[in-house]
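**Q** Got a predicted structure here, sequence first:
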Amino acid sequence: MTKDALIIFDTTLRDGEQSPGASMTKSEKLRIARALEKMKVDVIEAGFAIASQGDFEAVKAIADTITDSTVCSLARALDKDIERAAEALQNANSARIHTFIATSPIHMKYKLQMSPDLVVEQAVRAVKKARNYTDNVEFSCEDAGRSEIDFLCRIIEAAIDAGAGTINIPDTVGYAIPQQFGETMKTLIERIPNSDKAVFSVHCHNDLGLAVANSLSAVLAGARQVECTINGLGERAGNASLEEIVMAVRTRQDIFGIDTGIDTTGIVPASKLVSTVTGFPVQPNKAIVGANAFAHESGIHQDGVLKHRETYEIMRAQDVGWHTNSLVLGKHSGRNAFKTRLLDLGYRFETETLLNEAFARFKDLADKKHEIFDEDLHALVSDSVSSHLNEKYRLVCMSVTSETGMTPKAKVTIAIDGVEHTAESEGGGPVDATFKAIDSIVESGAVLQLYSVNAITSGTDSQGEVTVRLERGGRIVNGLGADTDIVIASAKAYLNGLNAIQDQGARQHPQGADV
Ligand code: KIV
Ligand code: ZN
């Protein structure tokens, strides 16, 4: 990448995951990381390795798997964080450590309770420490949006001298206004004597709905990396959305004069994947990835588009990945074709037994659904991975009866640590009856907060992918399940969520005060 290209740094798996309710399992994160790699994201922030054992393992799995994108872990400006990040990233083809410390008066005084001198000292120490493990070190001034410009100049100059190759300017609380934020970026680049030795980056939150506008203003002022997330997921009101940044820069080359390396046809599939995994739906009128983003309702618009598309359309739907399902395999495809296609998609099975089991599931699916798309394969593989990882509760078999005028009933057999239990229940609908039957066996005390079903591909024979969000004792998890029968997909998702809720350890929040 030349200095005049715009680096896309995706933080869906780190800042995106900080959205309440958006926590993801290791296999879900891997699935998203693969989609990001496929769309040629430059840097994937895979997580905050020290947050928990689960976070460490997820960063490590992504670092071990992804080859084309740089894999990054967040680390506070603390030795223990940097060591943990380095350990998780040790097998990465290209690794970055992203270390940060707060620089605004309010954060230094109340959160860190440190003097500005000490903050500079700690930042320098952290960058030097990180450079012991990799040449690719990013330093962020947390709450830069409310920091004093003189102090920013001082700490950034010191961080670059210590070896930081990327300097990130976050608007952590979403306080900035585009013109003012652009000026801040311009001043920093002009005033810091060694600014030419680093790439300046921007990381904006959306509290005032200005994250994308602020990021683009910073790009016009010289920033050459944007930190963003798919669907704008992220802490509170979210981060700048990747799809909007990428398409704004691509569509308005006349203004920006630089471009990203993103394969934009991966945008809609990645958006759908993130929405399914997190259970956060995409609003229909959301730019680029909303269901209505390219729909022309009014007669005048339709007429114009039919006569000459560019009368009302500034982008082409297919360029951002709408309608790009490609048929890959079918009922007669053999084990080798299945294995080869999965290798192309980046899945490698550790043992022949796992491959054989996945192939058996594929054959079952192909019997029910004649055309198998890449999306089906992703769902099938992540379903088998999660059913192997969290096996406390496993669906053995189930039946439901649902008839007009009758109360739906479900009979479910699940294995708990390998021992089978069966229960029957009635409910308001077949899914309700199924969940009640499972509850009567598991008695988890978890509360269902969200239930959503998405068709993985088009057509009524599509697999349904169900997301459930469960809460217990303040901890929120998501469960996922896929099947051509949406009631079975629902049971799988519910059990997947119950496995996650009993499995998750405590996590630290990266922006907590533990310094
Ligand atoms: O918003 C923020 O300041 C962050 C930093 C950790 C980069 O997420
Ligand atoms: Zn952030």
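**A** The structure has been received and is ready for your questions. Ligands and ions are numbered 1, 2, ... in the order given.
**Q** Would you agree G209 is in contact with A237?
**A** Yes. Assessed by C-beta atoms under 8 Å, G209 is found in contact with A237 at 7.4 Å. In short, each C-beta sits where N, CA and C put it, glycine included.
**Q** In terms of neighbours, single out the busier of those two.
**A** Set G209 next to A237 and count neighbours by other C-beta atoms under 10 Å: A237 wins out with 15 against 10.
**Q** give the contact list for the closest residue to T11 other than its chain neighbours.
**A** Using C-beta to C-beta, 6 or more residues apart in numbering and skipping the chain neighbours, the partner closest in space to T11 is E45 (4.2 Å). If you count contacts by C-beta atoms under 8 Å, 6 or more residues apart in numbering, E45 has them with F9, D10, T11, L13, R14, D15, C72, S73, L74, H98, E227.
**Q** Does L470 fall in a helix, a strand, or a coil region?
**A** Under DSSP: H, G, I helix; E, B strand; the rest coil, the three-state class of L470 is strand.
**Q** do you know how far it is from ligand 1?
**A** Shown here: L470 relative to ligand 1, a distance of 26 Å by C-beta to the nearest ligand atom, to the nearest Å.
**Q** just I32 next, same as before
**A** Distance of I32 to ligand 1, given as C-beta to the nearest ligand atom: 18 Å.
**Q** mind checking which helix or strand that residue is in?
**A** Per DSSP states H and E, I32 falls inside helix 26-38.
**Q** now swap in I169 and tell me
**A** strand 166-171.
**Q** how about the strands of the stretch 301-450 of the chain, start to end?
**A** Assigned by DSSP state E, counting those that start in this stretch, the strands in the stretch 301-450 of the chain fall at 327-330, 371-373, 393-401, 409-416, 419-426, 447-455.
**Q** among those strands, which is nearest L216?
**A** Nearest to L216, of all the strands of the stretch 301-450 of the chain, is strand 447-455, at 30.5 Å by C-beta to C-beta.
**Q** ok, which residues in the stretch 401-515 of the chain are in contact with ligand 1?
**A** Contact residues, the stretch 401-515 of the chain versus ligand 1 (C-beta under 6 Å from any ligand atom): P510.
**Q** low-confidence ranges in the stretch 401-515 of the chain?
**A** Scanning the stretch 401-515 of the chain for pLDDT under 70 picks out 504-506, 513-515.
**Q** Would you map the helices across it?
**A** Using DSSP state H, counting those that start in this stretch, the helices of the stretch 401-515 of the chain run over 430-442, 486-503.
**Q** hmm, who's touching the strand holding I169?
**A** Identification of contacts with strand 166-171 by C-beta under 8 Å, 6+ apart yields 96, 98, 100, 136-145, 152, 156, 159-160, 181, 184-185, 188, 195, 198-205, 211, 214, 218, 223, 225, 227.
**Q** is ligand 1 contacted by that strand?
**A** Yes. Using C-beta under 6 Å from any ligand atom, strand 166-171 comes into contact with ligand 1 via N168, P170.
**Q** For that strand, the averaged confidence score.
**A** Mean per-residue pLDDT for strand 166-171: 98.
**Q** chain center to it: distance?
**A** Its chain's C-alpha centre lies 20 Å from the corresponding centre of strand 166-171 when counted by C-alpha atoms, centre = their mean, to the nearest Å.
**Q** where's the helix or strand following it relative to the chain centroid, distance-wise?
**A** Per DSSP H and E, the first helix or strand lying C-terminal to strand 166-171 is helix 178-191. Mean C-alpha position of helix 178-191 versus that of the full chain (C-alpha atoms, centre = their mean) differs by 29 Å.
**Q** likewise stretch 6-24?
**A** On C-alpha atoms, centre = their mean, the centre of stretch 6-24 falls 5 Å from the chain's centre.
**Q** end-to-end on that stretch?
**A** 28 Å (C-alpha to C-alpha, to the nearest Å).
**Q** Could I get the average pLDDT for it?
**A** Across stretch 6-24, the average pLDDT comes to 92.
**Q** got the buried residues for it?
**A** With burial defined by 16 or more other C-beta atoms under 10 Å, the residues of stretch 6-24 counted as buried are 6-19, 22-24.
**Q** tell me, which of those make contact with ligand 1?
**A** Contacts with ligand 1 within these, counted by C-beta under 6 Å from any ligand atom: D15.
**Q** Pairing partners for the strand holding I169, with directions?
**A** Sheet pairing of strand 166-171 (DSSP bridges) gives strand 137-142 (parallel), strand 199-204 (parallel).
**Q** I'd like those strands as a markdown table, with distance to E243 and mean pLDDT appended.
**A** What follows is the strands paired with strand 166-171, written out as a markdown table (distance: least, C-beta to C-beta, whole Å; pLDDT from 0 to 100):
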| stretch | distance to E243 | mean pLDDT |
| --- | --- | --- |
| strand 137-142 | 23 | 98 |
| strand 199-204 | 15 | 98 |
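**Q** Dump those into TSV; add distance to ligand 1 and mean neighbour count as well.
**A** TSV is the format used below for these (distance: least, C-beta to the nearest ligand atom, whole Å; neighbours: other C-beta atoms under 10 Å):
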stretch	distance to ligand 1	mean neighbour count
strand 137-142	4	27
strand 199-204	5	27
